[in-house]
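Peer 1: build me a model:
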Amino acid sequence: MVTARHATLQILRMLMVGSLVVPALLLAYAAWAMWNATYDAADDRIVRSLDVLHEQTLKVLKTGELVLDEITHETQGLSDEQIRAVEPRLHARLKHITDILPQLQSIWILDRDGFVLVSSFLSPPSSVSLADRDYFQGQVAKNAGIFIGSVLTPRLVPGQPFFSLSARRANADGGFDGVVVVSMLPSDFEKFYAEISHGSGTYFAMLRDDGAFLTRYPELATPGAKLDMPKSAFANARRVSPDRGAYTALGQLDGVERRFGYRKVEDFPIYVMAGLSTAEIRNEWLSGVGSHLVFGIPATVLLFALLGLAIQRTRKMYAEADRREVAEAALRQAQRLEALGRLTGGIAHDFNNLLMVISGSVERLCGMLPDEKAVRLCDMIKTAAKRAEKLTRQLLSFSRQQAVNPQGINVAQRLPELAELVRSSMADDVEVTLDIPDENCPVKVDLSEFEVAVLNICVNARDAMPNGGRLHIGVHNVTLTGGAATDGLEGEFVATTFADTGIGIPHAIQQRVFEPFFTTKDAAKGTGLGLSQVYGFAKQAGGTATIESPPGRGTVVSLYLPRMEFEPSQTEAPEAGLTPASGPERRTVLVVEDNLPVAEVCESYLHKLGYDVEHAASPREAISFLQDAHHIDVVLSDILMPGGMSGLDLARKLREMRPTLPVVLMTGFSDCANEVAHDGFPVLRKPFDLTTLRAELAAICERHKASGAGGGRLQSAASSQT
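Peer 2: Here you go, the predicted model:
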């Protein structure tokens, strides 16, 4: 113990030192690396922005240059008088160009004195001279090519500030004859800059090589806005790299420190500029460092928390002991439930045999008593026996050991019949809607298990909508093939969907909702067996169940059952009396039952239906008897039998010995009932009455009437009683 404590103290001391030094060193290195990475990322954003700005500016200026060339070429050789003579046509021509090229605000043709000859704005043009404008003066002394003027305020008509591109008009002798001017609005460029901006720290500009701004974002360039070139960091950077480069400096116009990038526009004395605020870059860097602190601080706290390792180890020991006790209690509970299920099945078997004797004896007694009061008492006993029968079946359903009795049902017809039961199980503020198709949706399932599955799903939906909502139940036929297959299934299926508007199920636990005993409800509200019953029922029927629960959009449970066409059940013919058949039409039934009172009841029923009866107390005795007896027309056998051979084993053996001999099995409970149904043997659930026995014998003879003498003779006997 002392050695362990000493080792723990040494670890704590090392962790105390390391929890301060190591995170500090890691944070310093991460901050340095992130500073370089953030500036590299900023430069990359600036370069990409310059690519876009350069392409857009070059496109606009080239467009203006092409228009100037076209107008100059079109008016070449024309005198001022000739141009004025065709002014309406030229005005329309210039206006059409500005209409189809929105980046051009206006086009002007000026004479040698600066007066407007033609304008895309006005027709006829104003008589005011524009000879003092820089775009005019720049072409007077010499041909300046494409001259780009500074930002000016409109003089002839009210409007926004503009800058112009001008080209010289030459006369026949090559002398100065005026200019052609194309005007553009800085605001058009600002709109484009706003669309590509990366946030509040973004800065874009376009300026001439003398430092005069033509446009800038987020503020428009105003007339006269110009860099002080001798003091400008832009001029210093351009001297080192004339065509492109980057630098960090304070903006002369707004005093904001930025990281700038610039690029010269090809063939024009124009530069485009992009910038990011250093404060914005710094904030991005601090955000990255903060993300490291989010992990670093908890890690440091965790290391300091190790100082209480000794206490925590003790607490963990106690917590582990508590968890072990809880796990052992859960295991004991599961074992109790399993034992309870087995006990329930055993009790149900014996109880059903007792009920068989009670109900059969009472039924026989009712026919013997002439006293009306005694008959009423017998009816009360029969009613109590029926209720006891329902109770045993509920117990079997609880233990998940109920015998399966598949029958054909039309889901599209059955669900509306269950609608009232579903609505009565819902709260008043839950609306239940149905979507039932006109077509048949046939399946072959155990009807009672199907109804329990529907109610389990609906009750879960109700609990998921404590404040009310809507439950939508829909049925439709589906074909699952290839990628659309659900749970590995393919083929024709009937899909029944239950969609609620409840709170939904977290995605992390959706795969566990079909597990037995798993529940998200309080212990007092759920056992975790509802959806497991649904899944087990669907799998037992050859289908599956799925669940979907998008966040905040309720839950959809889908029940897929194989689509199976079936013949509608025939309506039973009215009873024609129970007078026994006699003479050559009287047939024989072999009853295989180890419980003598139950066997006696079965014999009384069969005698009442007009059959002769033979009895065997075990399957082996029945086989031995049937080897020599060929007058038996049907075998009625219990499933659970002593001696190591069950009624199912007997039925399988007789299927080999005498394939045409009908076999009907009886059971109050059997863990092999599913195998019975799979093998296709009819099953009578104890306790059964005279009517049920007669119907089953009629059904078995119908199925075997073409199987030979046994089936035909039984058909004759059954026909005489129905």
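Peer 1: how near is A37 to G288?
Peer 2: Distance, A37 to G288, by Cβ to Cβ, to the nearest Å: 8 Å. (C-beta placed from N, C-alpha, C; glycine too.)
Peer 1: please say which of these two ends up with more neighbours.
Peer 2: G288 (17 against 13; other Cβ atoms under 10 Å).
Peer 1: spatially central residue for this protein, please.
Peer 2: Closest residue to the average C-alpha location of the chain: P550 at 4.8 Å, with Cα atoms, centre = their mean.
Peer 1: that one should be in a strand, yeah?
Peer 2: No: using DSSP: H, G, I helix; E, B strand; the rest coil, the assignment for P550 is coil, not a strand.
Peer 1: isn't it right up against P506?
Peer 2: No: counting by Cβ atoms under 8 Å, P550 does not reach P506; the two are 11.4 Å apart.
Peer 1: what are the contacting residues of stretch 417-428?
Peer 2: 432, 434, 451, 454-455, 458-459, 462, 465, 468, 471, 473 (Cβ atoms under 8 Å, 6 or more residues apart in numbering).
Peer 1: just the strands in the stretch 401-550 of the chain please.
Peer 2: Here the stretch 401-550 of the chain has its strands, by DSSP state E, counting those that start in this stretch, at 406-410, 430-435, 442-446, 469-480, 491-500, 544-548.
Peer 1: mind listing what the fourth one pairs with, with the direction of each?
Peer 2: Taking DSSP bridges as the criterion, strand 469-480 pairs within the sheet with strand 430-435 (parallel), strand 491-500 (antiparallel).
Peer 1: and the third one, by the same measure?
Peer 2: Sheet partners assigned to strand 442-446 using DSSP bridges are listed as strand 406-410 (antiparallel).
Peer 1: buried ones in the strand it pairs with?
Peer 2: For strand 406-410, burial by neighbour count (16 or more other Cβ atoms under 10 Å) applies to 406, 409-410.
Peer 1: so how do I select the buried members of the contacts of stretch 417-428 in ChimeraX?
Peer 2: In ChimeraX syntax, the buried subset of the contacts of stretch 417-428 is picked out as below (16+ other Cβ under 10 Å):
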select :432,451,454,455,458,462,465,471,473
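Peer 1: in the contacts of stretch 417-428, find the pair that's most separated.
Peer 2: Using Cβ to Cβ, the two most remote members of those are E451 and G468, lying 24.9 Å apart.
Peer 1: ok, A194 touching Y217?
Peer 2: Yes: with contacts counted by Cβ under 8 Å, A194 reaches Y217, the gap being 6.4 Å.
Peer 1: compare these two (neighbour count), which wins?
Peer 2: Set A194 next to Y217 and count neighbours by other Cβ under 10 Å: Y217 wins out with 21 against 12.
Peer 1: now that one. Nearest residue, chain neighbours left out?
Peer 2: Of all residues not flanking Y217 in the chain, Y193 sits nearest, at 3.7 Å (Cβ to Cβ, 6 or more residues apart in numbering).
Peer 1: enumerate the beta-bridge partners assigned to the closest residue to A246 other than its chain neighbours.
Peer 2: Leaving aside its sequence neighbours, A246 sits nearest to G261 (Cβ to Cβ, 6+ apart; 4.5 Å). When assigned by DSSP bridges, G261 has beta-bridge partners A246, A274.
Peer 1: I'd say G261 and A274 touch.
Peer 2: Yes: in terms of Cβ under 8 Å, G261 counts as a neighbour of A274; the distance is 5.1 Å.
Peer 1: need the overlap of contacts for the two.
Peer 2: Contacts common to G261 and A274, judged by Cβ under 8 Å, 6+ apart, are 46, 49-50.
Peer 1: adding secondary structure, distance to V118 and pLDDT, write the residues you listed out as JSON lines.
Peer 2: Putting the shared contacts of G261 and A274 into JSON lines (DSSP: H, G, I helix; E, B strand; the rest coil; distance: Cβ to Cβ, whole Å; pLDDT from 0 to 100) gives the following:
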{"residue": "I46", "secondary structure": "helix", "distance to V118": "43", "pLDDT": "91"}
{"residue": "S49", "secondary structure": "helix", "distance to V118": "39", "pLDDT": "92"}
{"residue": "L50", "secondary structure": "helix", "distance to V118": "38", "pLDDT": "93"}
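Peer 1: CSV for those, including neighbour count and distance to G18?
Peer 2: CSV is the format used below for the shared contacts of G261 and A274 (neighbours: other Cβ atoms under 10 Å; distance: Cβ to Cβ, whole Å):
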residue, neighbour count, distance to G18
I46, 24, 41
S49, 24, 45
L50, 20, 47
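Peer 1: same list (those residues) but as TSV, adding distance to A538.
Peer 2: TSV is the format used below for the shared contacts of G261 and A274 (distance: Cβ to Cβ, whole Å):
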residue	distance to A538
I46	62
S49	59
L50	64
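Peer 1: end-to-end on stretch 97-106?
Peer 2: End-to-end span of stretch 97-106 (Cα to Cα, to the nearest Å): 9 Å.
Peer 1: likewise stretch 416-435?
Peer 2: Start and end residues of stretch 416-435 are separated by 10 Å (Cα to Cα).
Peer 1: go through it and flag the buried ones.
Peer 2: Neighbour-count burial for stretch 416-435 flags 418, 422, 426, 430, 432 (criterion: 16+ other Cβ under 10 Å).
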